[in-house]
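> I need the structure of the sequence given here:
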Amino acid sequence: MDKYMLKDRVAVITGAASGIGRATAQLFAREGARVVVSDITDDTGQAVVDGLVAEGGDALYVHADVGQMADCEALIKAAQARYGRIDILHSNTGTHRRGNAVTLAEADWDWSQNICLKAAYMLAHHAVPGMLAQGGGVIILTGSVHALWGYANYTAYEAAKGGLLALTHSLAADFSPTIRVNTILPGAVISGQWVGVTEAQMQQVADMCALKRNAAPEEIAQVALFLASPMSSYMTGASIVVDGGLRSVVHMPDGL
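Numbers count the residues shown, from 1 in each chain. Next up is the predicted model:
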């Protein structure tokens, strides 16, 4: 294996202006990849690219609302125009509006599905033909432990993240052995989605898992690197849970 695990690979990463996406872009660039950073917050997205270039990397920023088919198409075309190919597609966007099936508005349901689930299909729709033509590629989806557990008042988000698991299986079945497709299921990750949450509340969430802390984005990026690299060459259609042991812990009442 080369010193740089992703040497000369071209990686498109959505939601890359912050959090998991930014950490993944930085790690991939350090491992030799040419990185296309995509987001809707242009200043922070371009700042990520500027940082990669300052460290000797090769990177491009592309504004894209991945809830829109036209933006997904434009993103893939921009990456192909700049670098001639796409080797790694990391569909990493996610958002939520809380509510159950009674309280959640239809518009909020649709918005959540577009960003969290439909985006992965739309990106694959445009990226897969090129991957097939070049003879290989890797797709990584960012899911969530919400796909495995029932969290109250997260109806749309949970449905979308559960759908990503099924989409992973479908994409792997349709495009293997040429393209490998896998999903990361993170637990609580310290990111911009914690705005407005107190330190005490964050610690309450951390205490739910075995490791008693929330993940840094860089810890999820390391899993993305594993899935993007030859280290995971015999994996497709799989999901990796990265939740600090959340699923392994059941808190029983005292004395039981």
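
> ok, which stretches of the stretch 1-150 of the chain are strands?
Per DSSP state E, counting those that start in this stretch, the stretch 1-150 of the chain carries strands over the ranges 10-14, 34-39, 59-63, 88-91, 137-142.

> just list what the helix or strand following the last one packs against, helices and strands only.
Scanning forward in sequence from strand 137-142, with DSSP states H and E defining helices and strands, the next element found is helix 155-175. Helix 155-175 is packed against helix 106-113, helix 119-134, strand 137-142, strand 179-186, strand 238-242, with contacts defined by 3 or more CB pairs under 8 Å, 6 or more residues apart in numbering; DSSP states H and E. Yep, even glycine has a C-beta here, placed from its N, CA and C like the rest.

> mean neighbour count, mean pLDDT and distance to Gln193 added to those, as TSV?
Shown next, in TSV, are those (neighbours: other CB atoms under 10 Å; pLDDT from 0 to 100; distance: least, CB to CB, whole Å):
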stretch	mean neighbour count	mean pLDDT	distance to Gln193
helix 106-113	15	95	13
helix 119-134	20	98	17
strand 137-142	27	98	12
strand 179-186	24	98	11
strand 238-242	17	97	16
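
> so which bits of stretch 67-80 are buried?
67, 69, 71-76, 78-80 (16 or more other CB atoms under 10 Å).

> could you work out the end-to-end span of stretch 135-144 for me?
Length of stretch 135-144, first residue to last, CA to CA, to the nearest Å: 30 Å.

> contacts for that stretch?
Stretch 135-144 is touched from outside by 15, 20, 86-94, 120, 124, 127-128, 130-131, 157, 161, 164-165, 167-168, 171, 178-186, 220, 224, 227-228, 239, with contacts defined as CB atoms under 8 Å, 6 or more residues apart in numbering.
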